[in-house]
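> attaching a predicted model along with its sequence, questions to come.
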Amino acid sequence: MPDGRDIVYLYDGSFDGLLTAIFESYYRRETPLEIAEAGQMAQQALLWEDTAIQTDLEKAERVAAGVRKKIGGEALENLYYAYLSDEPGRGRLCLDYVRTGFRLGAKMDAYLMLDCVARVLDAGRRVRGEAHQYMGFVRFAELEGGIYYSEIEPKCQVLPLLAPHFQARLPQMPWMIHDVGRRQCMVYNGRELYLTSTDGVPAVRYTAEERQYRKLWREFYRTVEIRQRHNERCRMNHMPKRFWRFLPEMEA
């Protein structure tokens, strides 16, 4: 490496981009310090050299096929969940997981004493758990124009996991789930799904009927409460506080 510096692979943030970076690590016989999304790795006094990795679907599929053949389909699923997680350094973690799997084969996930295995499996549990929570906490509101809109702010990238669930439950209804933290929207137009980036929180204009329903729901929520038994700590145990700002019943 030039000047003895470490190297960092920068990819476009897609799963195919991550798999392409793993392919390039093998092809170039390099071990990058990190595999990070472009724009999310701060340069620190030229301590490392950035290398942009262009997503190549053929290379990505070769890595995916190799994982399926040498480790198993479940390992590829574990890799995908780790990619969706909030695990620090998940790009390099995924590379270490693949390398370990190619060495140990299908029995790899039994080696929980290995750091990369334990972290990947734990990251997967967090992703699946958070996606399951949001399947119950997503609240759609009807906007002017006929689309149903919901805001969330998950720790992990759960939009790809939520989309099939709501597409199956609401197959005829156009909707949008907005991850405000990542500035991404999963949009369903009644026929197909697509993921798009946003510049910020769009202007939300509820229909008159939606405003009335939200008001009635808040009144119902407060009416059924037994005030003498109000327990804020118990409520937070059953409904984490980070969900509250997006629930109409919690609005003032």
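Noted; the coordinates are in hand.

> I figured G66 hits G105, correct?
No - the criterion here is CB atoms under 8 Å, and G66 misses it with G105 at 11.9 Å. In this view, the C-beta of every residue, glycine as well, is placed from N, C-alpha and C.

> who has more neighbours, these two?
G66 (18 against 11; other CB atoms under 10 Å).

> checking the more buried one next. Helix, strand or coil?
helix (DSSP: H, G, I helix; E, B strand; the rest coil).

> list the contacts for L84?
Applying CB atoms under 8 Å, 6 or more residues apart in numbering to L84 gives the contacts 127, 156-158, 160-161.

> between these, which is nearest K70?
V127 (23.5 Å; CB to CB).

> my guess is the closest one meets L161, correct?
Yes - the pair V127 and L161 qualifies as a contact (CB under 8 Å) at a distance of 7.2 Å.

> who's more crowded, the two?
V127 (25 against 20).

> how about the contacts made by that one?
81-82, 84-85, 156-158, 161.

> now do the strands in the stretch 151-252 of the chain.
With DSSP state E, counting those that start in this stretch, the ranges of strands along the stretch 151-252 of the chain come out as 175-179, 184-188, 193-197.

> would you mind giving those as a markdown table with mean pLDDT added?
A markdown table is the format used below for these (pLDDT from 0 to 100):
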| stretch | mean pLDDT |
| --- | --- |
| strand 175-179 | 95 |
| strand 184-188 | 94 |
| strand 193-197 | 91 |
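
> Y206 is nearest to which of these?
Using CB to CB, the nearest of those to Y206 is strand 175-179, at 13.7 Å.

> just the buried residues of the worst-scoring helix or strand of the chain on mean pLDDT, please?
One helix or strand of the chain scores below all others by mean pLDDT, DSSP states H and E: helix 232-238, with a mean of 74. Residues of helix 232-238 include none that count as buried (16 or more other CB atoms under 10 Å).

> residue closest to the middle of this protein?
Q157 (1.0 Å; CA atoms, centre = their mean).

> residue contacts, it?
83-85, 127, 179, 182 are the contacts of Q157 under CB under 8 Å, 6+ apart.

> what's the closest of those residues to W217?
D179 (23.6 Å).

> and that closest one, what are its bridge partners?
I152, Q184 (DSSP bridges).

> which one of the contacts of V127 is nearest W48?
The closest of the contacts of V127, once distances to W48 are taken by CB to CB, is A82, at 22.4 Å.
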